[in-house]
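Trainee: A predicted structure for the sequence below; I have some questions about it.
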Amino acid sequence: MKLKISTRLCVFVLAAMVASSCSDSKSDNPVTPAPEDKKVSFAGDIKPILQANGCLNCHGDRGGLSLATVEAIMKGGDHGPAVIPGNAASSNLLTKISATPPFGARMPFNGTPVKDRDVELLTTWVNQGAKDN
């Protein structure tokens, strides 16, 4: 008798699993793509982050480093290019906003640290090749 109950239970569980996998998951559980899956745009995503965090106030069109354009970011400043396309971990832009930058003070200088979500977008943009889009 135990065998029949176990078999029925297994059939019921299997049927429930199949039924749940056939439901329209798009309407029931919308999935937000991970940042690395999103195509990150300089104009639409990155420049607004730089503006919102005050980066362009000091690193706009004056001084040794400009973050105003992708071309200027690639040119960099005294410590080399601000970004190494495809390599966020070695890019000065990302290391300078980390808790322990390799040189100088954390950016934004005397400001609120960049939000984690914005750091993720910056990282994704650099790892996607830091395109001028």
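Mentor: Cool, got the structure.

Trainee: Which stretches in this protein count as helices?
Mentor: If DSSP state H is used as the criterion, the helices of the chain fall at 2-21, 25-28, 47-52, 55-58, 70-75, 92-96, 116-127.

Trainee: Restricting to C-alpha, output the last one in CSV.
Mentor: Coordinates of each C-alpha in helix 116-127 appear next as CSV, following Å, rounded to 0.1, in the frame of the first residue of the first chain:
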residue,chain,number,x,y,z
ASP,A,116,26.3,50.9,-5.6
ARG,A,117,23.9,50.8,-8.6
ASP,A,118,25.8,53.6,-10.3
VAL,A,119,29.1,51.8,-9.7
GLU,A,120,27.6,48.7,-11.3
LEU,A,121,26.5,50.7,-14.3
LEU,A,122,30.0,52.4,-14.6
THR,A,123,31.6,49.0,-14.3
THR,A,124,29.4,47.4,-16.9
TRP,A,125,29.9,50.3,-19.3
VAL,A,126,33.7,49.9,-19.0
ASN,A,127,33.6,46.1,-19.3
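
Trainee: and Gly114, how many neighbours?
Mentor: Not quite, residue 114 is Val, not Gly. Applying other CB atoms under 10 Å, we find 22 other residues in the vicinity of Val114. Where you see a C-beta, it was placed from the backbone N, CA and C, and this is true even at glycine.

Trainee: how close does it sit to Glu71?
Mentor: The gap separating Val114 from Glu71 is 22 Å, by CB to CB, to the nearest Å.

Trainee: Poorly predicted segments of this structure, please.
Mentor: Low-confidence regions of the chain, defined by pLDDT under 70, span residues 1-36, 62-63.

Trainee: ok, how many other residues are close to the residue nearest to His79 when sequence neighbours are not counted?
Mentor: Distance criterion CB to CB, 6 or more residues apart in numbering; nearest residue to His79, sequence neighbours excluded, is Asn92 at 5.6 Å. In terms of burial, Asn92 registers 22 neighbours under the definition other CB under 10 Å.

Trainee: Much appreciated, bye for now.
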